[in-house]
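S.K.: Following is a predicted model, sequence given first.
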Amino acid sequence: QVHLVESGGGLVQAGGSLRLSCAVSGLTFSDYAMGWVRQAPGKERELVAVISASGNSIYYVDSVKGRFTISRDNAESTIYLQMNSLKPEDTAVYYCAARYLIATMGLDYNYWGQGTRVTVSS
C-alpha cells in the first residue's frame, strides 16, 4: 500500500521559514515525479513545485520562485519543501503528491498525502 506522509507544517510569522517533508513508501520512489500542491481556505488546489523522478527538472509557480526550494532524497524516499520569506498568502494546507514517471504542471497525480497545515501570521 502506498503512503505519503507530510510533516513540518505549523504557525510561523511573516518572513519566517518552514521545511516540509514528505516520506513515501509502498512504491519505487525513483520512478515517480513528486509535487507539492497547496490549498488555501476557499480556494482551489494550486501546484507549488514539482521535481522530476531524476531530480534534474524542477518547476515552481511564479508566486514562490526565489523563496521555496523543492528537493528529493531518493535514498530516503523523501521530498522536501524549504519555504523561506513566508507571506500570509502562503497560508494553506500543503500536500505532497506522486506521479508515475512524468512530471506534470497539472494536478493529475497518482497518489496524495493527507496534507500538513501551514499558517503564516502577519
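M.R.: Cool, the structure landed.
S.K.: now for this structure, which residue lies nearest the mean position of the chain?
M.R.: Nearest to the mean C-alpha position of the chain, by CA atoms, centre = their mean, lies Trp36 at 2.3 Å.
S.K.: List phi and psi for it.
M.R.: phi -110, psi 130 (degrees, to the nearest 10).
S.K.: surely it meets Tyr95?
M.R.: Yes - contact criterion CB atoms under 8 Å: Trp36 and Tyr95 qualify, at 7.2 Å. C-beta coordinates here come from the backbone N, C-alpha and C atoms, glycine included.
S.K.: picking that back up, so the residue nearest to the centre of the chain versus Ser122, what's the distance?
M.R.: Using CB to CB, to the nearest Å, we find Trp36 at a distance of 23 Å from Ser122.
S.K.: go on, Gly115?
M.R.: In terms of CB to CB, Gly115 sits 23 Å off from Ser122.
S.K.: So between the two, which is more surrounded?
M.R.: Gly115 (17 against 9; other CB atoms under 10 Å).
S.K.: helices or strands up against the host helix or strand of Tyr95?
M.R.: Using DSSP states H and E, Tyr95 maps to strand 92-100. Applying 3 or more CB pairs under 8 Å, 6 or more residues apart in numbering; DSSP states H and E, one finds that strand 92-100 contacts strand 3-7, strand 18-25, strand 32-39, strand 111-112, strand 116-121.
S.K.: Quick check: which of those is buried the most?
M.R.: strand 32-39 (a mean of 24; mean count of other CB atoms under 10 Å).
S.K.: same for it, what does it pack against?
M.R.: Looks like strand 32-39 contacts strand 18-25, strand 46-51, strand 68-73, strand 78-83, strand 92-100 (3+ CB pairs under 8 Å, 6+ apart).
S.K.: run the last query once more with 7 Å
M.R.: strand 46-51, strand 92-100 (3 or more CB pairs under 7 Å, 6 or more residues apart in numbering; DSSP states H and E).
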